[in-house]
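Enquirer: this is a predicted model, with the sequence first.
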Amino acid sequence: MSSPSALVSPFGEPPPGARQLARGVTATWWYTLSAIVFLEVFLVLVWALQALAEPGDSAAPLVIAAGGVVWLASTTVLLSVYRRRAHAEPGIGGARVVVPLLIAVAYGVVSGALIDSWQLALMPVAQSLVLVHWPKGIRIRVVLLTTLVLLCVAFVDGARGAMPGGVPEWLPLLYTISLPAMSVSSLWWWDVLMTLDRARLSEARLAATQERLRVATDVHDLQGHHLQVIALQLELAERLIDRDPAAALEQLRLARASVDDARQGTRDLATRFRSVPLGDEVANARDLLSAAGLSVEAEIASDSDEAPAAALGPVIRETTTNVLRHGGGTHARLQLARTAAGWRYEIANDLGSGSSDESIGSGLDGVRRRIAEAGGTLEVGESDGEFVVAVTVPFGALATADPRTTVVPPTADPRTTAVPPTAEEER
């Protein structure tokens with residue numbers, strides 16, 4: 001199960017779980033990079049062995065191998081530019097790709113001349129061109145064109161006797177022909193991952209925007225109603241101040257009561273948005289841990305919404321954050337259940353190499369104080385290679401208002417809301 005989570009917070013500190021998500025994206029990139037580099041290393045080694053097997057210049061294998069190392073370094077530069085442009089518009093990348101392309105040309109000309117192979121001369125250039133971050137629709141054409149050229153050059157080398165006719169001697173040619181397609185397939189998986197990552201970020205921004213719009217609508221409806229009533233009451237008081245001071249004073253009292261109603265309605269609205277049922281709190285914690293890459297087991301009581309959210313809600317959020325920031329493990333376990341002594345919440349995670357007892361303990365100081373105020377107990381310890389935090393609160397602990405209750409702006413009482421008199425009535 002997953003949940004959207006922004007990789008970078010606009011207020012500086014990344015949200016819990018963002019580092020784990022970033023590490024997952026980085027790991028995928030290193031898999032992609034290593035796959036492409038492995039193909040290139042294999043081909044350089046094969047061509048060097050091919051040069052070693054042929055009679056002639058004994059320095060040719062060494063030049064091909066040493067030059068291949070330099071060319072491999074230049075392709076990593078191209079891949080680095082490709083990664084940095086992952087969230088940018090597709091493009092070649094400017095002057096940063098010029099030097100790697102020149103190195104590919106130089107290596108191809110020198111190594112191809114040493115063993116009299118046109119395919120080896122074109123292979124570094126073709127591979128480097130494929131690794132450029134081309135605009136949409138152009139890269140596939142580059143791959144097809146380079147593959148076709150390498151295929152034609154392989155037949156030319158074979159026709160003029162540059163390569164022997166045996167099957168082993170043709171293996172370097174076949175691998176060289178397939179190199180552009182294999183490299184692009186690896187980059188395609190990386191592009192799919194980045195597309196999914198951008199979609200996840202867009203989903204998170206859209207959810208935040210929709211929530212802000214909903215809050216703004218509710219505030220507008222609530223405050224707009226009360227302000228309109230208060231404006232009518234004050235306008236009527238202004239008209240009656242000279243003719244009937246007592247009636248004007250009554251309208252002022254009603255206006256003040258409307259202000260109190262508006263203030264209370266705003267508090268109720270804020271409470272509704274702050275309050276979350278305990279079952280949803282645990283489910284959110286499970287989703288957040290899952291999105292961070294942990295394997296999560298969750299057991300939530302069917303009547304968990306009856307648990308004291310005021311006491312346990314902050315505890316669930318704090319302990320979940322501690323697991324993300326200090327746990328360093330791979331799996332977690334959550335449980336919220338009703339017991340004979342009250343409501344029991346338990347969270348456990350395996351201890352990773354980066355866990356810190358000091359940082360974890362300091363993070364639980366606030367939990368300990370909150371549970372003590374609610375008359376509950378806190379248990380912290382290690383069991384079977386897991387760090388376990390268990391909290392029990394009595395049934396009588398203070399619970400927040402039911403978040404499912406919808407705050408409806410009060411309707412003005414027609415018996416107390418006066419309507420300004422018309423001109424005919426004043427006369």
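Expert: Looks like it came in fine. Numbers count the residues shown, from 1 in each chain.

Enquirer: C-alpha from now on. contacts and neighbour counts both.
Expert: Noted.

Enquirer: helices or strands up against the helix or strand Ser186 falls within?
Expert: Using DSSP states H and E, Ser186 maps to helix 167-240. Counting contacts by 3 or more Cα pairs under 8 Å, 6 or more residues apart in numbering; DSSP states H and E, helix 167-240 is packed against helix 18-53, helix 118-130, helix 139-159, helix 245-274.

Enquirer: break this protein down into its domains, please.
Expert: Following automatic domain parsing, one finds the domains of the chain at 18-202, 278-393.

Enquirer: so which helix or strand of the protein has the lowest pLDDT on average?
Expert: Of the helices and strands making up the chain, the lowest-confidence element is helix 423-426, at a mean of 38, by mean pLDDT, DSSP states H and E.

Enquirer: tally of neighbours for Val63?
Expert: Residues lying near Val63 (other Cα atoms under 10 Å) number 17.

Enquirer: now do the same for it: helix, strand or coil?
Expert: When the structure is split into helix, strand and coil by DSSP: H, G, I helix; E, B strand; the rest coil, Val63 lands in helix.

Enquirer: for the nearest residue to it once chain neighbours are set aside, what are its contacts?
Expert: The spatial neighbour of Val63 that comes closest, neighbours along the chain excluded (Cα to Cα, 6 or more residues apart in numbering), is Ser111 at 7.2 Å. When contacts are counted by Cα atoms under 8 Å, 6 or more residues apart in numbering, Ser111 is found next to 60, 63-64, 67, 120-121.

Enquirer: which element is Ser111 on?
Expert: For Ser111, the element it lies in under DSSP H and E is helix 98-115.

Enquirer: cool, and Val296?
Expert: Taking DSSP H and E as the criterion, Val296 maps to strand 295-300.

Enquirer: rewinding a little: separation between the residue nearest to Val63 and Leu120?
Expert: 7 Å (Cα to Cα, to the nearest Å).

Enquirer: likewise Arg212?
Expert: Relative to Leu120, Arg212 is positioned 60 Å away (criterion: Cα to Cα).

Enquirer: tell me where the model's unsure across the stretch 251-400 of the chain.
Expert: 271-276, 327-328, 352-363, 396-400 (pLDDT under 70).

Enquirer: just the strands in it please.
Expert: Counting by DSSP state E, counting those that start in this stretch, the stretch 251-400 of the chain has these strands, from start to end: 295-300, 331-338, 343-350, 377-383, 386-393.

Enquirer: looking at the ones you listed, which is buried most?
Expert: Stretch with highest mean neighbour count among the strands of the stretch 251-400 of the chain: strand 343-350 (a mean of 22; mean count of other Cα atoms under 10 Å).

Enquirer: what angle separates that one from strand 377-383?
Expert: 20 degrees (axes from the mean of the first three to the mean of the last three Cα atoms, to 10 degrees).

Enquirer: contacts for strand 343-350?
Expert: With Cα under 8 Å, 6+ apart as the test, strand 343-350 has contacts from 307, 312, 319, 323, 327-338, 385-395.

Enquirer: can you list the strands that it pairs with?
Expert: Sheet pairing of strand 343-350 (DSSP bridges) gives strand 331-338 (antiparallel), strand 386-393 (antiparallel).

Enquirer: orientation of it relative to strand 295-300 in degrees?
Expert: 170 degrees.

Enquirer: distance from strand 343-350 to the middle of the chain?
Expert: Between the mean C-alpha location of strand 343-350 and the chain-wide mean there is a distance of 25 Å, by Cα atoms, centre = their mean, to the nearest Å.

Enquirer: equivalent analysis for stretch 193-205, please.
Expert: 7 Å.

Enquirer: what residues of it count as buried?
Expert: Of the residues in stretch 193-205, those with enough neighbours to count as buried (16 or more other Cα atoms under 10 Å) are 194, 197, 200-201, 203-204.

Enquirer: burial count for His290?
Expert: Heads up, residue 290 is Ser, not His. The criterion is other Cα under 10 Å. On that basis, Ser290 has 20 neighbouring residues.

Enquirer: low-confidence stretches in the stretch 1-150 of the chain?
Expert: Within the stretch 1-150 of the chain, the stretches with pLDDT under 70 are 1-24, 55-57, 85-95.

Enquirer: list the contacts for Gly279?
Expert: Taking Cα under 8 Å, 6+ apart, we find Gly279 in contact with 300-301, 304-305.

Enquirer: circling back to that earlier point, tell me which of the domains of the chain lies nearest to Leu232.
Expert: Across the domains of the chain, Leu232 has its closest neighbour in domain 278-393 (39.3 Å, Cα to Cα).

Enquirer: wait, Leu101 sits on Val125?
Expert: Yes - in this structure Leu101 lies within contact range of Val125 using Cα atoms under 8 Å: 6.8 Å.

Enquirer: comparing the helices and strands packed on helix 167-240, which comes out most buried?
Expert: With neighbours defined by mean count of other Cα under 10 Å, none of those is more surrounded on average than helix 118-130, at a mean of 24.

Enquirer: for that one, packing partners?
Expert: Judged by 3+ Cα pairs under 8 Å, 6+ apart, the packing partners of helix 118-130 are helix 60-84, helix 98-115, helix 139-159, helix 167-240.

Enquirer: that concludes my questions; thank you for your assistance.
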